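Asks: A predicted structure for the sequence below; I have some questions about it.
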Amino acid sequence: MTNIRFRRGNKADLPDLAPSGLPLWCEDTKELYIGTDSGVSPVVTNNNYFPNFVPYCLNSGNQDSNGYADIINKVSNTEVSFKVGGSYPNIGVTFPNGNHYTISSIPNLINLTENGTYIFIIEEEGLVKLADGNYSAIATAVKLAYSANEVSPAMTSNTQNGFTCWMENDYNLGVPLNVPTAYYLMDKNTGTSVTFVEGDQGNSYSFIVKSDIAIKINRVQIEGPGNFGLGGNSLVSIFGSNNGINWTSITSVSSTAITDITNESYYTYYKFKPNINLVGGYSQYSTWLNNINFWYPVNYSGGNISEGYTYPESGDVSIVPAMTSNSSGGWTASAQSESTGAEAYKAVDGSVAANNRFYSSLNGVCWWKTAKNSGTFNCSRVSIKACEDYYASAPKDFTIRDQADNSLAILTNQIFSADETKYYDINATGISGIKIDTTATANNASVAFKEIKLYTSVSSADGDYHLLIIKFHIKHKKELIVLG
């Protein structure tokens with residue numbers, strides 16, 4: 001009996017060209033290709049391969065020396081590329097509906113300017129079929145550790161999209177509320193405005209917005225001509241309430257820039273109150289604003305994925321327990337210099353509350369360390385979180401060392417913003433402590449940081465990066481498949 005066998009081998013060894021009609025079998029991925037006049041193409045039936053391809057999976061692609069998926073490459077601190085096509089194997093992916101595709105091209109992603117863990121999403125609907133039968137894909141970067149931010153909606157009336165807005169005491173352009181223009185402040189149109197009329201000397205009536213459900217505003221932008229058209233040291237004060245009667249001060253905004261709110265809480269009512277500046281001893285009887293935009297986190301069941309969404313990488317658990325003094329829990333924290341109430345252990349006490357920090361008055365030069373009293377540990381990553389106020393005192397130039405002062409990483413020009421966390425990968429085994437040896441800060445006036453964490457593992461084989469496929473998305477619902 002004669003056996004007919006196709007040419008066979010691993011997918012990575014597929015030739016670029018093969019005689020037309022020549023079958024090529026990939027023994028490692030169980031995929032069948034056939035030679036064409038212009039190259040080799042996969043054999044598909046109704047967009048599906050063979051039934052042994054498992055939905056929700058990346059079935060094939062580049063692998064590292066250990067046989068693990070190796071798809072994503074860090075080009076720089078702000079750019080990643082994908083090891084797909086060209087000198088790398090194509091990737092085969094199967095969506096939840098059973099549709100299988102061979103992807104040979106995913107462009108680089110750039111401008112990943114925020115620190116954190118990212119995932120990358122490919123939508124089936126966004127695939128583009130190429131002449132050779134393969135597909136190109138566009139990946140969307142999604143930051144993973146917060147809830148997703150929804151932005152306030154564009155309104156065309158005073159009640160819409162779960163929000164109701166009005167002017168305090170029915171004032172709007174000096175006339176009652178039945179002239180419905182309060183929503184102009186939420187219509188996303190800088191060509192429309194609302195005038196605030198003076199009430200008491202130096203104050204004005206307020207704009208109030210009520211949400212159908214309690215929300216927690218964590219970012220706001222107030223737009224107006226110039227500095228709100230107020231002149232002088234003008235500002236808009238923001239208050240929150242759950243009954244519309246008793247108000248809690250949240251923050252004040254003095255420019256049109258997007259402003260982060262740090263002391264956020266859940267409220268159903270928010271009040272925006274311009275303080276009308278006195279000019280030359282006389283009241284400037286009115287002022288106007290164009291738009292109020294605010295952002296608030298929304299948690300969706302079944303996975304939080306949208307721009308700005310993130311959750312901690314599994315496996316990233318801080319080694320150091322929450323300390324309650326410079327010697328507690330089997331660990332010791334110390335520093336070259338520390339201030340009363342801002343001792344060394346404050347950086348490893350597990351709290352990121354306002355004004356909770358390690359602080360040294362030394363002029364930008366100070367070492368800080370924490371060490372295990374007995375035994376050793378492995379450390380693959382160190383994170384440093386800056387203070388909300390003394391962020392210019394965070395380490396700028398510093399060396400990460402072990403307990404014996406061996407250098408593990410040398411960092412320069414690390415500029416922190418308020419409350420920012422930066423992550424530094426190291427490879428330290430069998431150590432008993434970590435030392436942050438700071439030689440310069442942005443202000444060179446002091447050294448301060450809110451929290452330091454030491455991690456013993458990073459769950460992803462590709463470091464911070466995961467690849468996901470999204471089958472479909474309906475508002476507030478997304479179905480995800482982790483691939484690598």
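Replies: Perfect, thanks for sending it. Everything quoted here is computed from the prediction, not taken from an experiment. Numbering: from 1, shown residues only.
Asks: in stretch 358-378, what's buried?
Replies: Of the residues in stretch 358-378, those with enough neighbours to count as buried (16 or more other Cβ atoms under 10 Å) are 358-360, 362, 364-372, 377. C-beta here means a position set from N, CA and C on the backbone, and glycine is covered the same way.
Asks: Out of those, which sit inside strands?
Replies: Within these, membership in strands is found for Phe358, Tyr359, Ser360, Cys366, Trp367, Trp368, Lys369, Thr370, Ala371, Lys372, Phe377, as judged by DSSP state E.
Asks: Please list all residues in contact with the residue nearest to the second one when sequence neighbours are not counted.
Replies: Put plainly, it is Tyr359. Spatially, and ignoring its direct neighbours in sequence, Tyr359 is nearest to Ala342 (3.6 Å; Cβ to Cβ, 6 or more residues apart in numbering). Taking Cβ atoms under 8 Å, 6 or more residues apart in numbering as the contact definition, Ala342 lies against Arg357, Phe358, Tyr359, Ala448.
Asks: quick one: low-confidence ranges for the stretch 101-250 of the chain?
Replies: Low-confidence segments of the stretch 101-250 of the chain, defined by pLDDT under 70, span residues 113-119, 142-150, 169-180, 193-204, 225-234.
Asks: now the strands for it?
Replies: Counting by DSSP state E, counting those that start in this stretch, residue ranges of the strands within the stretch 101-250 of the chain are 118-123, 128-129, 135-136, 139-143, 148-151, 159-160, 163-167, 194-197, 207-215, 219-223, 235-241, 248-253.
Asks: ditto for the stretch 251-400 of the chain
Replies: In the stretch 251-400 of the chain, strands defined by DSSP E, counting those that start in this stretch lie at 259-260, 267-275, 278-279, 282-283, 286-289, 291-298, 327-328, 331-335, 358-360, 366-372, 377-385, 395-402, listed in chain order.
Asks: so which of the ones you listed is the most packed in?
Replies: For these, ranked by mean neighbour count under the definition mean count of other Cβ atoms under 10 Å, the leader is strand 358-360 at a mean of 25.
Asks: got CSV for the strands of the stretch 251-400 of the chain, with mean pLDDT too?
Replies: Rendered in CSV, the data for those read as follows (pLDDT from 0 to 100):
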stretch, mean pLDDT
strand 259-260, 84
strand 267-275, 88
strand 278-279, 48
strand 282-283, 44
strand 286-289, 68
strand 291-298, 80
strand 327-328, 92
strand 331-335, 95
strand 358-360, 95
strand 366-372, 95
strand 377-385, 87
strand 395-402, 94
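Asks: Surely Asn378 is in contact with Gly430?
Replies: Yes: distance between Asn378 and Gly430: 7.1 Å, which falls inside the contact criterion (Cβ atoms under 8 Å).
Asks: Break this structure into its domains for me.
Replies: 7-142, 151-298, 327-455 (automatic domain parsing).
Asks: Tell me which of those domains sits nearest to Ser318.
Replies: Closest to Ser318 of the domains of the chain, according to Cβ to Cβ: domain 327-455, at 4.1 Å.
Asks: I'd like the distance from that closest one to the chain centre, please.
Replies: The gap between where domain 327-455 is centred and where its chain is centred comes out at 23 Å by Cα atoms, centre = their mean, to the nearest Å.
Asks: end-to-end on it?
Replies: 20 Å (Cα to Cα, to the nearest Å).
Asks: and what of stretch 10-24?
Replies: The straight-line separation of the ends of stretch 10-24 (Cα to Cα) is 10 Å.
Asks: Show me the contact partners of that stretch.
Replies: The list of residues contacting stretch 10-24 from outside it, by Cβ under 8 Å, 6+ apart, reads 6-9, 26-29, 31-37, 39-40, 43, 60, 62, 89-90.
Asks: Just the ones of these in helices?
Replies: Counting by DSSP state H, none of the members of these fall within helices.
Asks: In strands only, show me those.
Replies: Using DSSP E, the members of the contacts of stretch 10-24 that fall in strands are 7-9, 26, 31-36, 39-40, 60.
Asks: Buried subset of those residues, written for ChimeraX?
Replies: Selecting just the buried residues from the ones in strands among the contacts of stretch 10-24 in ChimeraX takes one command, with 16+ other Cβ under 10 Å as the test:
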select :26,31,33,34,35,36,39,40,60
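Asks: Could you export the ones in strands among the contacts of stretch 10-24 as a markdown table, including pLDDT?
Replies: What follows is those, written out as a markdown table (pLDDT from 0 to 100):
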| residue | pLDDT |
| --- | --- |
| Arg7 | 83 |
| Arg8 | 82 |
| Gly9 | 85 |
| Cys26 | 82 |
| Glu31 | 76 |
| Leu32 | 80 |
| Tyr33 | 82 |
| Ile34 | 83 |
| Gly35 | 84 |
| Thr36 | 80 |
| Gly39 | 78 |
| Val40 | 81 |
| Ser60 | 76 |
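Asks: mind listing what Ser334 touches?
Replies: For Ser334, the contacting residues are Asn326, Ala344, Trp368, Lys369, Thr370, Ala371, taking Cβ under 8 Å, 6+ apart as the criterion.
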